[in-house]
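Student: Can you look at this prediction? I've put the sequence above it.
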Amino acid sequence: MQCKYGNLLLIFCLCLLSSSLLAQSKQELKEEAKAYLAVERYEDAIRTLQRSRQLVRSDEESRFLLAVCHYQINQLEQSQELLNALTAEDKSPYPECWWYLARILHAQQQFGEAAAQYKMYLRTLRGDHPNRPMTIEAIRRCDNGLRFLYRD
């Protein structure tokens, strides 16, 4: 008789746990994904963000986080697709979209397009921003890459 009540209690607890996981808010999911991202657990962050399809569809920050995670685990096509959608308008809410998109294009040896994306990112930076010199150097590397491609 006790075993029967123990099984019922276990089933009840599992039901409560599963319903609380389903009821996890979009904001909580996003914060959990950010925590995974901060400790470089990109696959876990992707799984967390994808628990709510509506979150990724409706929230730009979630799409940006998902793109960064895909970039970090070298899933460049998925990352590029998300970043292209985010930068479709001239003014992206996350300037880093242009940085990551430029890095992907640079890796694909599409130096002209990469330089254009780096320049879009550069326009968003203040004159004293620490990423400014690094971005200028990346543009120079794209120029060198273009010259190298068209050399005999």
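Tutor: Great, that's in hand.

Student: just so I have it, where are all the helices in the chain?
Tutor: Using DSSP state H, the helices of the chain run over 2-22, 26-38, 42-49, 53-58, 60-72, 76-86, 96-107, 111-124, 132-149.

Student: just checking, what packs against the third one?
Tutor: Put plainly, it is helix 42-49. helix 26-38, helix 60-72 (3 or more C-beta pairs under 8 Å, 6 or more residues apart in numbering; DSSP states H and E). In this view, the C-beta of every residue, glycine as well, is placed from N, C-alpha and C.

Student: Pull the distance from stretch 120-138 to the chain's centre.
Tutor: Distance of stretch 120-138 from its chain centroid, counting by C-alpha atoms, centre = their mean, to the nearest Å, is 20 Å.

Student: pLDDT of that stretch, averaged?
Tutor: Mean pLDDT, computed over stretch 120-138, is 94.

Student: Would you mind listing the buried residues in it?
Tutor: Judged by neighbour count using 16 or more other C-beta atoms under 10 Å, the buried positions of stretch 120-138 are 120-122, 124, 131, 135, 138.

Student: In TSV, list those along with distance to residue 107.
Tutor: Output for the buried residues of stretch 120-138, formatted as TSV (distance: C-beta to C-beta, whole Å):
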residue	distance to residue 107
120	17
121	16
122	19
124	21
131	18
135	16
138	12
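
Student: Out of those, which is nearest to residue 94?
Tutor: Closest approach to residue 94 among those (C-beta to C-beta): residue 124, at 9.5 Å.

Student: From residue 99, how far out is the closest one?
Tutor: As judged by C-beta to C-beta, to the nearest Å, residue 124 and residue 99 stand 9 Å apart.

Student: Next: residue 50.
Tutor: Per C-beta to C-beta, residue 50 is found 24 Å from residue 99.

Student: Comparing these two, which shows the higher neighbour count?
Tutor: Using other C-beta atoms under 10 Å, the more surrounded residue of residue 50 and residue 99 is residue 99, with 22 against 14.

Student: hang on, residue 139 packs against residue 121?
Tutor: No: in this structure, residue 139 is not within contact of residue 121 by C-beta atoms under 8 Å, at 9.7 Å.

Student: circling back to that earlier point, most tightly packed of the helices and strands packed on helix 42-49?
Tutor: helix 60-72 (a mean of 21; mean count of other C-beta atoms under 10 Å).

Student: Next, the residues that contact that one from outside, please.
Tutor: 26, 30, 33-34, 37, 40, 42-43, 45-46, 49-50, 55-56, 76, 78-79, 82-83, 85-86, 93-94, 96-97, 100, 103-104 (C-beta atoms under 8 Å, 6 or more residues apart in numbering).
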